[in-house]
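[1] okay, sequence plus prediction incoming.
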Amino acid sequence: MASWQVLLFAAAAAAIAAAFLLAPAFAEVFTVGDAAGWTLKYPATWTDGKTFVVGDSLMFMYPADKHTVMEVTGANFKACNVTGNALGTWNSGS
């Protein structure tokens with residue numbers, strides 16, 4: 001009887017491990033603003049119908065000479081305060 005329990009436990013552990021290992025393979029890359037790319041006038045509805053999960057990535061497509069992407073805290077975002085508060089800055093564009 002104990003050998004069946006060990007076998008069942010091993011099978012369950014293998015199934016859980018496989019689920020965690022396969023999850024990154026299903027990650028998606030979403031272009032912010034869809035085909036229009038990231039602009040100041042991108043449609044606010046570009047996220048409609050999309051489901052974001054842990055492991056997904058957001059790709060910002062923008063002209064390097066016109067925009068910069070800055071990572072800030074939630075509080076600084078709400079206050080529109082980026083001066084000296086950037087956690088990260090990207091200006092590579094495309």
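    Happy to help now that I have it.

[2] where does the residue nearest the centre of the chain land on pLDDT?
    In the chain, the centroid-proximal residue (Cα atoms, centre = their mean) is residue 57; its distance is 3.2 Å. On pLDDT, residue 57 comes in at 91.

[3] and it, what does it touch?
    Applying Cβ atoms under 8 Å, 6 or more residues apart in numbering to residue 57 gives the contacts 27-30. Placement of C-beta: from N, CA and C, glycine included.

[4] please redo it, this time with the cut-off set to 10 Å
    Applying Cβ atoms under 10 Å, 6 or more residues apart in numbering, we find residue 57 in contact with 27-31.

[5] so which of those belong to strands?
    Mapping the contacts of residue 57 onto strands (DSSP state E) picks out 29-31.

[6] how about the strands in the protein?
    For the chain, the strands defined by DSSP E occupy 29-31, 57-59, 69-71, 88-90.

[7] please work out which of the ones you listed is packed deepest.
    strand 69-71 (a mean of 14; mean count of other Cβ atoms under 10 Å).

[8] show me the shaky parts of the protein.
    1-2, 6, 9, 13-15, 17-25, 39-43, 94 (pLDDT under 70).

[9] the chain: helices as residue ranges?
    2-22, 74-78 (DSSP state H).

[10] dump the residue contacts of the nearest residue to residue 32 once chain neighbours are set aside.
    For residue 32, ignoring the flanking residues on the chain, the nearest one in space by Cβ to Cβ, 6 or more residues apart in numbering is residue 38 at 4.6 Å. Residue 38 sits next to 31-32, 46, 58-63, 67, 69, 93-94 when contact means Cβ under 10 Å, 6+ apart.

[11] go again using 8 Å as the cut-off
    Contact analysis of residue 38 by Cβ under 8 Å, 6+ apart lists 32, 60-62, 67, 69.

[12] so can I have JSON lines of the ones in strands among the contacts of residue 57 showing distance to residue 84?
    Converted to JSON lines, the ones in strands among the contacts of residue 57 look like this (distance: Cβ to Cβ, whole Å):
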{"residue": "29", "distance to residue 84": "31"}
{"residue": "30", "distance to residue 84": "30"}
{"residue": "31", "distance to residue 84": "30"}
